[in-house]
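Visitor: this one's sequence-less:
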């Protein structure tokens, strides 16, 4: 019989998926971090080579973003993307044991932290624009471990057991979860309280929550909630991405300066213009680190009326 967890049904399939995930994470956690990263990368690359549907979606996305990229180069980029995902899986397995000293001295260097701190001092809230780029799961976790907890807007995972487990780790050091099904009111409350909230700006949306703005030259339905909340509250909006730097052999948490938002008094036009700005900033970071973005996501799945499907 299926069980219940926070008003969500837990099926046998959920339990099996959860058991496999916990087993894999336990194996990675038992290894030294360097060995766990190597095994995670190998596992992700092996799995990626067998998931043909995901590969087709990724190649279609790359053809939109980099139309002149040869297939051989695209394959190399996707190979590095899977390596990055495997590394992230290994980091997640080790995160519960990370200390502030390890994170500060060996794992992460900040770049532009002064932008974040000065925005927080304004007391009107901070919206951190981020995405599925680099080590997004490690980003807010490390930031909270170093004494700067924040909230995160996320979608509930389909498997409630996995969802509960992942969120428990995400929130070990004071982070909070804002679910997308009630994020507007929660986001407003957070801004009025002068808090920081991270928002993934690179996921496919549907109207009316999303508006169509350019992303790599193709209209993409993009969440406009962040722009609307910033207009309403005066919150600062700045990019924040945790990216791997080969030359340093560590992650760098980049915070950009607050963005200059359009404010003409036309609420709808300003929301669209500022959402387009957020998408453009996200694109700029992806162009700098293309092998660290999640090309598997069907970013252009929702199409403007009358436009043909991409996938």
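Guide: Received it, and whenever you're ready, just let me know what you need. Here the structure is a predicted model, which is why all the values come from computation and not from measurement.

Visitor: pLDDT below threshold where in the chain?
Guide: The chain contains residues with pLDDT under 70 at 1-7.

Visitor: in it, where's the longest strand?
Guide: Secondary structure of the chain per DSSP state E: the longest strand is strand 236-245.

Visitor: and it, what's buried?
Guide: Residues of strand 236-245 classed as buried: 236-244 (neighbour count, 16 or more other CB atoms under 10 Å). Just so you know, the C-beta spots here come from the backbone N, C-alpha and C atoms, and that holds for glycine as well.

Visitor: list the buried ones in whichever helix or strand comes after that strand?
Guide: Next along the chain after strand 236-245, taking DSSP states H and E as the criterion, comes strand 250-255. Using 16+ other CB under 10 Å as the test for burial, strand 250-255 gives 251-255.

Visitor: and for stretch 260-276?
Guide: Buried, per 16+ other CB under 10 Å, within stretch 260-276: 261-262, 270-276.

Visitor: circling back: give the pairing partners of the longest strand of the chain; include direction for each.
Guide: strand 126-130 (parallel), strand 250-255 (antiparallel) (DSSP bridges).

Visitor: figure out how far the last one is from the centre of its chain.
Guide: It refers to strand 250-255. 14 Å (CA atoms, centre = their mean, to the nearest Å).

Visitor: go on, the first one?
Guide: Relative to the centre of its chain, strand 126-130 is centred 11 Å away, using CA atoms, centre = their mean.

Visitor: now tell me what touches that strand from outside.
Guide: 116, 119-120, 136, 139, 150, 191, 195-201, 226, 229-230, 235-241, 255, 259, 278, 281-282 (CB atoms under 8 Å, 6 or more residues apart in numbering).

Visitor: circling back to that earlier point, looking at the buried residues of strand 236-245, spot the one nearest residue 162.
Guide: Nearest to residue 162 among the buried residues of strand 236-245, counting by CB to CB, is residue 242 at 22.0 Å.

Visitor: surely the closest one touches residue 253?
Guide: Yes - here residue 242 reaches residue 253: they are 4.8 Å apart, a contact under CB atoms under 8 Å.

Visitor: give me the common contacts of the two.
Guide: Contacts common to residue 242 and residue 253, judged by CB under 8 Å, 6+ apart, are 108, 139, 142.

Visitor: mind listing which of the residues you listed are in strands?
Guide: Checking these against DSSP E, those in strands are residue 108.

Visitor: dump the buried residues of strand 250-255 to TSV, plus distance to residue 166.
Guide: Shown next, in TSV, are these (distance: CB to CB, whole Å):
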residue	distance to residue 166
251	20
252	24
253	20
254	24
255	24
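
Visitor: need the max-distance pair from those.
Guide: So, the buried residues of strand 250-255 by CB to CB: farthest apart are 251 and 255, at 13.2 Å.

Visitor: that older thread, nearest to residue 86, out of the strands paired with strand 236-245?
Guide: Nearest of the strands paired with strand 236-245 (CB to CB): strand 250-255, 14.9 Å.

Visitor: what's the next secondary structure element after that closest one?
Guide: Next along from strand 250-255, by DSSP H and E: helix 267-288.

Visitor: packing partners of that following helix?
Guide: strand 126-130, strand 210-215, strand 218-223, helix 225-233, strand 236-245 (3 or more CB pairs under 8 Å, 6 or more residues apart in numbering; DSSP states H and E).

Visitor: please identify the deepest-packed of the ones you listed.
Guide: strand 126-130 (a mean of 26; mean count of other CB atoms under 10 Å).

Visitor: for residue 15, find the nearest of the strands paired with strand 236-245.
Guide: strand 126-130 (31.6 Å).

Visitor: so in this structure, which helix runs the longest?
Guide: helix 71-94 (DSSP state H).

Visitor: show me what counts as buried in that helix.
Guide: For helix 71-94, by 16+ other CB under 10 Å, it's 74, 77-78, 81-94.

Visitor: stretch 30-47 now?
Guide: 31, 33, 36-41, 43-45.

Visitor: I'd like to know which of the residues you listed is nearest to residue 158.
Guide: Of these, the one sitting nearest to residue 158 (CB to CB) turns out to be residue 44, at 19.8 Å.

Visitor: which helix or which strand is home to the closest one?
Guide: Here residue 44 is assigned to helix 33-50, by DSSP H and E.

Visitor: give me the angle between that helix and helix 71-94.
Guide: 130 degrees (axes from the mean of the first three to the mean of the last three CA atoms, to 10 degrees).
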